[in-house]
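**Q** With the input below, show me the fold.
(one chain, ligands or ions: 1)
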Amino acid sequence: MIIAVAKEIEVGERRVALIPETVARLVKKGLEVWVEAGAGDRAFFTDAAYEAAGAKVVADSIAIWGEADILLKVGLPQEREDGRQEIDLLKVGAVLIGFLNPLGAPETAQKLADKKVTAFAIELIPRSSRAQSMDALSSQASVAGYKSVLIAAAALPKYFPMLTTAAGTIAPAKVFIMGAGVAGLQAIATARRLGAVVEAFDIRPAVKEEVQSLGAKFVEVQLNEETVAAGGYAKEISADARQLTQQVLAEHIKNSDVVITTAQVQGKKAPLLVTEEMVAQMKPGSVIVDLAADQGGNCARTEPGKDVQWHGVTIIGTINLPSSMPVHASQMYSKNLATLVQYLVKDNALNLDFADDIIDSACITHDGEIRNQRVKDALTATSATVGN
Ligand code: NAD
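**A** Residues are numbered from 1 along each chain as shown. Modelled structure (predicted):
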């Protein structure tokens, strides 16, 4: 059985699916690992390091895709420079694992099903303690949360910490984190380490204690509706609840030097938390970092991939922050994938037990079919839009 690691060809992607240390562990377990030459270059993992770990380094990308029994990737398969689709290079019955964006790009799932590929969307691994070591959404979100604070600190024309100097006392920066999931909690911890005074808000009241235990103040808004959906994810809130939260949050946003937004609702456009009026009320020089930029943005003025200046406020629409820290992002992603691979392979053969919730949830295509109802619904919705 060949486990192959493809080089990411998407512009801006610097991560690699397996790092040499993890390759060595898989090889020790008796698995054959092939790595495309140069796959780790942009994350500073050399071909020589992969070879030393026991991988076969293969220069021919067509062989990597075509011979793989299990092909490991970071992002969606792409169109190659020669015009061929990476998916078309996979052999029938191969397994593909990566961030396959099945709800946002369901047409890719359809192509994978047509090709009879067994595809695992790593973002659909259940958020349970049993699956924790395969949870790449969490490992990558924590990188994004950390980096968002560094970006904000670099853009802020002020110190983060309080300083008492001979030239006077410097007040600490006020940071407001909106959305206290994995990225938000890591952002809180990082901002606290840099010495800022931190407040945080989330519609899931359960996170209050976690926020407080990191040394931040939890901003409370009493919402008279259920805000948590199955699996612990946030629900989309009603227009009334949105209005109520905005009234309370406006004051906190106005008084903050930095606002970091991380709010997401699974399968939906990101909620709008920071309106134009709120941005206009912030002090000139303030900074907003929007981690939901590529999901539509939490701030009305966000432009994905751009730094926007508006009313003296810098609004940074970050995209793919994990790729900007490719060493540790790849290290954690590699561990997530290797755990899943070992979960799927028994005695050097694929062992697909669909009664297992991890496999059932993450496997989006098998045997020519899309298996996941939400992906089918997303595909129907996309086809309807295209048809209109
Ligand atoms: P996410 O990226 O889907 O969303 C980020 C945060 O935005 C969430 O905390 C969410 O509540 C919040 N949010 C959504 N709408 C909002 C709004 N209108 N205003 C303010 N905040 C809003 O979240 P995530 O970090 O992927 O975590 C999702 C869930 O999974 C959480 O319940 C988390 O505790 C859980 N989780 C469990 C495990 C585990 O058990 N192994 C691991 C990771 C995450």
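**Q** and stretch 114-124, how far from the chain's centre?
**A** 18 Å (CA atoms, centre = their mean, to the nearest Å).
**Q** do the same with stretch 158-167
**A** Distance, centroid of stretch 158-167 to centroid of chain: 34 Å (CA atoms, centre = their mean).
**Q** Tell me the secondary structure at the closest residue to residue 91 other than its chain neighbours.
**A** Once flanking residues are discounted, residue 91 sits nearest to residue 66: 6.0 Å by CB to CB, 6 or more residues apart in numbering. Every C-beta, even on glycine, is put in place using the N, C-alpha and C of the backbone. The three-state label given to residue 66 by DSSP: H, G, I helix; E, B strand; the rest coil is helix.
**Q** Just the pLDDT at residue 66, thanks.
**A** pLDDT recorded at residue 66 is 98.
**Q** Report how many residues lie close to it.
**A** Around residue 66 there are 15 other residues, counting by other CB atoms under 10 Å.
**Q** Quick check: it vs the ligand, distance?
**A** As defined by CB to the nearest ligand atom, to the nearest Å, residue 66 lies at a distance of 35 Å from the ligand.
**Q** That residue touches residue 88, doesn't it?
**A** No - counting by CB atoms under 8 Å, residue 66 does not reach residue 88; the two are 9.9 Å apart.
**Q** give me every residue that touches the residue nearest to residue 91.
**A** Contacts here follow CB atoms under 8 Å, 6 or more residues apart in numbering; on that basis residue 66 touches 89-91.
**Q** how about the helices in the chain?
**A** 20-28, 47-52, 61-67, 86-89, 106-114, 136-155, 182-193, 208-213, 239-254, 276-281, 326-344, 357-362, 373-387 (DSSP state H).
**Q** Please identify the buried residues of the third one?
**A** Applying a neighbour-count criterion of 16 or more other CB atoms under 10 Å, one finds 61, 64-65, 67 buried in helix 61-67.
**Q** that older thread, figure out which of the helices of the chain is closest to residue 220.
**A** helix 208-213 (7.4 Å; CB to CB).
**Q** what angle do the helix or strand of the chain with the lowest mean pLDDT and helix 106-114 make?
**A** Comparing every helix and strand of the chain by mean pLDDT, DSSP states H and E singles out helix 373-387 as the least confident one, with a mean of 85. Put simply, helix 373-387 runs at 120 degrees to helix 106-114, going by axes from the mean of the first three to the mean of the last three CA atoms, to 10 degrees.
**Q** As a quick check, tell me the outermost residue of the chain.
**A** residue 166 (43.7 Å; CA atoms, centre = their mean).
**Q** how close does that one sit to the ligand?
**A** With distances taken as CB to the nearest ligand atom, residue 166 is found 42 Å from the ligand.
**Q** Could you do residue 243 as well?
**A** With CB to the nearest ligand atom as the criterion, residue 243 and the ligand are 12 Å apart.
**Q** Could you tell me how many residues sit around the closest residue to the ligand within the chain?
**A** Distances between the chain and the ligand by CB to the nearest ligand atom are smallest at residue 181, namely 2.3 Å. Using other CB under 10 Å, residue 181 is surrounded by 23 other residues.
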